[in-house]
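**Q** I need the structure of the sequence given here:
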Amino acid sequence: MNTETFAEHIFRQQSNCQLIIVGKDDQGEALCYEDQFQIVESRPCQITVSLPIEDEHPLKTICTIEFVELSIRDRGVPYFAFVNVIDQACTDRTFTAMLEVPVHLHSSENRKFIRIDFPTVLPITCSIVGVRGRSTHHGVPFEADMIDVCGGGLSFLTKKRLFSPLYLKIRVDLPGFAAPFDVYGDIARISPYRQDYYRIAVTFKEVDEGLVQRIDDYCRAYRERALEGSEI
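**A** So this is what the prediction gives:
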């Protein structure tokens, strides 16, 4: 009789998952890190994940892990759960962790938009135009690399030290999209990435509904093509 749980079934069919790791570094300071990890082994009740790391990577300094949230997508639906860390190891080039498969996965099925990740970063132009959703007449521009997008927001990588109250204007040129477009948004989350980079998550604000729909349609078509390609 098959006693495989729903969570075990999902992890067995996936090759990657997203982790948010919160703990303390070797100096006793708070350390928060988010990234996509490769699932290198999936067994009943546990999975092993790994991440290539470089010199001065934040995970090389982690001393204790307080908690880990794991998120994963199955057929376009995001699932997430807190997971226990059974074991962890860090070498010069790889961080590895053994995690318990959660008994229950929480679903974000009611999430309005489909988010897509790009295989390579896409250059974008950002401008800091205000604070707390209020814009000024001037803006301070900087370049960044977009890594994902949905109808409700996007994420990008930058070496700039930004803060969550900042209000941004972003110029985006999506491959295959009708034309470049501008969006405004609040910084929703900031997390260390690799070396001196930060991952910035932005929530769109006051974006024309027609543009939101076109971005969402683009993401859904992109996801469908990706799923069709994986089945070949």
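
**Q** which stretches of this structure form strands?
**A** 16-25, 30-43, 46-52, 62-74, 77-83, 85-90, 94-100, 106-107, 116-131, 134-150, 153-158, 166-172, 181-192, 198-205 (DSSP state E).

**Q** Could you check the angle the fourth one makes with strand 30-43?
**A** What that stands for is strand 62-74. Orientation check (axes from the mean of the first three to the mean of the last three CA atoms, to 10 degrees): strand 62-74 against strand 30-43 gives 50 degrees.

**Q** Check which residues of strand 62-74 are buried.
**A** 62, 65, 68, 70, 71, 72, 73 (16 or more other CB atoms under 10 Å). Bear in mind the C-beta positions are built from the backbone N, C-alpha and C, glycine included.

**Q** Could you identify which of the strands of the chain is most buried?
**A** Of all these, strand 153-158 has the most neighbours on average by mean count of other CB atoms under 10 Å, namely a mean of 21.

**Q** I figured residue 147 was touching residue 155, is that so?
**A** Yes - contact status for residue 147 versus residue 155: in contact at 5.4 Å, counting by CB atoms under 8 Å.

**Q** I'd like to know which helix or strand in the protein has the lowest mean pLDDT.
**A** Confidence across the helices and strands of the chain bottoms out at strand 106-107, with a mean of 73, counting by mean pLDDT, DSSP states H and E.

**Q** For residue 147 and residue 155, list the residues in contact with both.
**A** Jointly contacting residue 147 and residue 155 under the rule CB atoms under 8 Å, 6 or more residues apart in numbering are residue 199.

**Q** what about the longest helix in the chain?
**A** Secondary structure of the chain read by DSSP state H shows that its longest helix is helix 209-231.

**Q** what angle sits between it and strand 62-74?
**A** 90 degrees.

**Q** Report the buried residues of helix 209-231.
**A** Under 16+ other CB under 10 Å, the buried positions of helix 209-231 are 212, 214, 215, 216, 218, 219, 220, 222, 223.

**Q** List the contacts of it.
**A** 75-76, 113-116, 149-152, 174, 176-178, 181, 183, 204.
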